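**Student:** here's my sequence, what's the structure:
(one chain, ligands or ions: 2)
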Amino acid sequence: MRVKEILKSAEIQSTITVEGWVKTKRELKAFSFIEISDGSTMNGIQVIIDKDLEDYDNIVKQLNTGASVTAEGLVVESPGKGQRIELQASAVTVHGGADPETYPLQKKRHSFEFLRTIGHLRSKTNTLGAVMRIRNACATAIHQFFQDKGFIWAHTPIITASDCEGAGEMFAVTNFDIANPKRDDKGAIDYAEDFFGRPSYLTVSGQLEAEVMAMSFKDVYTFGPTFRAENSNTSRHLAEFWMVEPEMAFCDIIGDQDLAEEFLRYVFKYVIETCPDDMEFFNKRIDKTVLETANNIIDNEFERITYTEAIALLEKSSKKFEFPVEWGIDMQSEHERYLAEELFKKPLIVTNYPKDIKAFYMRLNDDDKTVAAMDVLAPKIGEIIGGSQREERLDVLERRIKEMDIEADDLWWYLDLRRFGSVPHAGFGLGFERLVQFMTGMANIRDVIPFPRTPLNAEF
Ligand code: 4AD
Ligand code: MG
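**Tutor:** Ligands and ions are numbered 1, 2, ... in the order given. Down below sits the predicted model:
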């Protein structure tokens with residue numbers, strides 16, 4: 001039985017076995033208390049070890065914070081406050097000790113910066129434990145949401161030749177000896193001799209392949225890792241992050257926004273209902289507005305405005321921005337946060353961005369200046385979702401590819417989708433870690449993924 005289940009439903013006077021790690025130990029004259037936790041829930045189970053237990057001194061000496069243990073015993077009502085039951089141990093096995101002189105997790109509270117230096121141990125702490133459980137619940141909710149709607153989960157490739165976002169922020173994949181790659185007659189690197197016979201990269205987005213799948217299955221979604229070699233050392237950027245990308249045929253930019261809103265609402269509701277203890281913890285210890293935010297999302301509609309309206313609102317504001325505002329700029333996170341956090345105080349969807357700051361695949365609007373893009377901006381986070389209606393008209397798409405100096409030959413298969421059974425379609429990408437940040441109030445994205453990949457950091 002896991003600790004969560006024991007705390008909830010183990011019967012008084014039943015005999016049970018619990019396996020886990022010692023969180024705390026208190027030695028008294030006649031007996032000792034330990035709290036055992038196994039990651040299933042925030043709270044550990046209290047175990048009482050009587051002095052009569054065989055080999056008591058030796059066992060208790062080893063039961064330091066961090067030691068792994070199996071305890072068997074009788075479930076009794078707990079006289080202590082805050083817990084229903086406790087365990088009276090009849091047998092205790094210590095599997096691996098943890099020397100208090102060297103085990104780093106002794107204090108009750110450590111800074112998140114320090115915990116990042118011990119990435120192999122930090123998920124044993126209360127906060128990181130709660131984060132990982134919420135992360136798991138978010139992932140479950142996401143699959144449940146799309147599966148209930150009949151979407152097909154499409155597994156798009158991690159290795160690809162195309163730069164979906166066109167930002168040139170891709171990590172190269174090669175099996176060349178990089179100190180000594182094969183070269184052609186002119187001395188240039190000869191990619192024809194490389195593993196894939198061409199330059200290839202880790203994907204920045206599964207969208208283009210999701211579009212392929214949507215043209216067969218109508219509604220699909222991807223949920224996988226994506227990689228960006230952007231050198232942004234911010235609290236919202238990772239070099240490796242997970243993205244959820246639904247793609248829907250027979251759908252326009254309005255349907256896309258409707259889905260994004262329904263989707264976020266569903267995930268928040270699911271997490272609040274299934275992880276009340278962890279959410280309570282975040283609300284108390286990390287960010288006092290977390291539950292209010294969640295309920296706000298569940299109960300209220302998102303604001304929807306155009307990019308042009310957003311720029312006008314920013315220009316009207318008396319707030320001093322570091323980056324100047326004018327029509328045509330790529331909004332910075334200070335702008336996005338002002339709109340979501342201060343002005344509307346809830347998530348908002350901004351649509352119809354200038355074509356020059358968006359990717360080649362977005363559908364050109366009739367004004368010839370803007371594209372049918374939509375970003376969902378969230379308080380504290382800024383952009384959490386980026387999406388669009390896709391350009392389904394072959395001639396317009398070809399023109400845009402040319403204008404943007406993209407190699408059309410590489411996209412022959414993508415253009416084929418516009419030749420054979422093309423249809424209006426739309427989709428979006430949710431940054432999974434940004435969602436977990438939004439949900440938990442965690443300030444730094446490095447603390448909502450087990451093993452963060454950021455510039456100069458890939459150790460664990
Ligand atoms: O806005 P982006 O770049 O959109 C796309 O990649 C589209 N192909 C999605 C689609 O339409 N299918 O990225 C989508 C989201 C962002 O809104 C943000 O939440 C997250 O991915 N994101 C990052 N999260 C963490 N670290 C980074 N470096 C991120 N870059 C983007
Ligand atoms: Mg974006």
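**Student:** residues of stretch 142-154 that come out buried?
**Tutor:** Neighbour-count burial for stretch 142-154 flags 142, 145-146, 151, 154 (criterion: 16 or more other Cβ atoms under 10 Å). C-beta coordinates here come from the backbone N, C-alpha and C atoms, glycine included.
**Student:** next step: the residues you listed restricted to helices.
**Tutor:** 142, 145-146 (DSSP state H).
**Student:** so which of those residues comes closest to Phe171?
**Tutor:** Checking those against Phe171 with Cβ to Cβ, the nearest one is Ile142 at 25.2 Å.
**Student:** which residues sit in contact with Phe250?
**Tutor:** 218, 423-425 (Cβ atoms under 8 Å, 6 or more residues apart in numbering).
**Student:** any idea how far Glu101 is from it?
**Tutor:** From Phe250 across to Glu101, the span is 65 Å (Cβ to Cβ, to the nearest Å).
**Student:** who in the stretch 301-450 of the chain is up against ligand 1?
**Tutor:** Residues of the stretch 301-450 of the chain found near ligand 1 (Cβ under 6 Å from any ligand atom) are 383-388, 427-429, 431, 433-434.
**Student:** from the residues you listed, which land in helices?
**Tutor:** Judged by DSSP H, those include 433-434 as members of helices.
**Student:** of the residues of the stretch 301-450 of the chain next to ligand 1 - the most surrounded one?
**Tutor:** Highest neighbour count within these: Gly387, with 27 neighbours (other Cβ atoms under 10 Å).
**Student:** ok, now which ones touch that one?
**Tutor:** Counting by Cβ under 8 Å, 6+ apart, Gly387 has contacts 256, 260, 373-376, 426-429.
**Student:** which among these gets closest to Glu193?
**Tutor:** Comparing those against Glu193 with Cβ to Cβ places Gly429 closest, at 34.2 Å.
**Student:** let me see the ranges of the strands in the stretch 51-200 of the chain.
**Tutor:** Taking DSSP state E, counting those that start in this stretch as the criterion, the stretch 51-200 of the chain carries its strands at 68-77, 85-96, 152-153, 159-160, 172-173, 200-202.
**Student:** hang on, the earlier thing: whichever of the contacts of Phe250 end up buried, select them in ChimeraX.
**Tutor:** Buried residues within these, by 16+ other Cβ under 10 Å, are selected in ChimeraX with:
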select :218,424,425
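**Student:** related to what we said a few turns ago, report the two of the residues of the stretch 301-450 of the chain next to ligand 1 separated the most.
**Tutor:** Pairwise over these, using Cβ to Cβ, the maximum falls at Ser388 and Glu433, 21.4 Å.
**Student:** so which bits of stretch 325-337 are buried?
**Tutor:** For stretch 325-337, a neighbour-count test (16+ other Cβ under 10 Å) marks 325, 331, 335-337 as buried.
**Student:** again but with stretch 348-366, I slipped
**Tutor:** Of all the residues in stretch 348-366, those buried under the rule 16+ other Cβ under 10 Å are 348-355, 358-365.
**Student:** cool, and stretch 59-71?
**Tutor:** Residues of stretch 59-71 classed as buried: 59-60, 62-69, 71 (neighbour count, 16+ other Cβ under 10 Å).
**Student:** before we move on, what about stretch 28-39?
**Tutor:** 31-38.
**Student:** reformat these as TSV; add distance to ligand 1 and secondary structure.
**Tutor:** Listed next are those as TSV, based on distance: Cβ to the nearest ligand atom, whole Å; DSSP: H, G, I helix; E, B strand; the rest coil:
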residue	distance to ligand 1	secondary structure
Phe31	49	strand
Ser32	45	strand
Phe33	42	strand
Ile34	39	strand
Glu35	35	strand
Ile36	35	strand
Ser37	30	strand
Asp38	30	coil
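**Student:** dump the residues you listed into a markdown table; add pLDDT as well.
**Tutor:** Formatted as a markdown table, the entries for the buried residues of stretch 28-39 read as follows, by pLDDT from 0 to 100:
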| residue | pLDDT |
| --- | --- |
| Phe31 | 96 |
| Ser32 | 97 |
| Phe33 | 95 |
| Ile34 | 97 |
| Glu35 | 97 |
| Ile36 | 98 |
| Ser37 | 97 |
| Asp38 | 98 |
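**Student:** for Pro324, give its distance to ligand 1.
**Tutor:** 23 Å (Cβ to the nearest ligand atom, to the nearest Å).
**Student:** what about that residue, neighbour count?
**Tutor:** A count of neighbours around Pro324, defined by other Cβ under 10 Å, yields 9.
**Student:** in this protein, which spans are helices?
**Tutor:** Taking DSSP H as the test, the helices found in the chain are 3-9, 56-62, 112-117, 126-148, 207-217, 253-274, 276-285, 290-299, 307-316, 333-337, 394-403, 412-419, 432-440.
**Student:** single out the most deeply packed of these.
**Tutor:** Each of the helices of the chain was scored by mean neighbour count; the highest is helix 432-440, a mean of 25, by mean count of other Cβ atoms under 10 Å.
**Student:** next one: that helix to chain centre, how far?
**Tutor:** In terms of Cα atoms, centre = their mean, to the nearest Å, the centre of helix 432-440 is set 6 Å apart from its chain centre.
**Student:** report all helices and strands that it contacts.
**Tutor:** helix 126-148, strand 240-249, helix 253-274, helix 290-299, strand 382-389 (3 or more Cβ pairs under 8 Å, 6 or more residues apart in numbering; DSSP states H and E).
**Student:** for the last one, give the mean pLDDT please.
**Tutor:** Confidence for strand 382-389, expressed as mean pLDDT, is 97.
**Student:** off-centre distance for that strand?
**Tutor:** Using Cα atoms, centre = their mean, the distance from the centre of strand 382-389 to the centre of the chain it belongs to is 15 Å.
**Student:** need the residues that contact stretch 77-88.
**Tutor:** 6-7, 10, 12, 16, 18, 43, 45-48, 50, 71, 73-76.
**Student:** end-to-end on that stretch?
**Tutor:** Taking Cα to Cα, to the nearest Å, the first and last residues of stretch 77-88 lie 10 Å apart.
**Student:** which of the residues in that stretch are buried?
**Tutor:** Result for stretch 77-88 [16+ other Cβ under 10 Å]: buried residues 85-87.
**Student:** over to stretch 15-32?
**Tutor:** 16, 18-23, 25, 31-32.
**Student:** contacting residues for Ile48?
**Tutor:** So Ile48 contacts 31-33, 86-89 (Cβ under 8 Å, 6+ apart).
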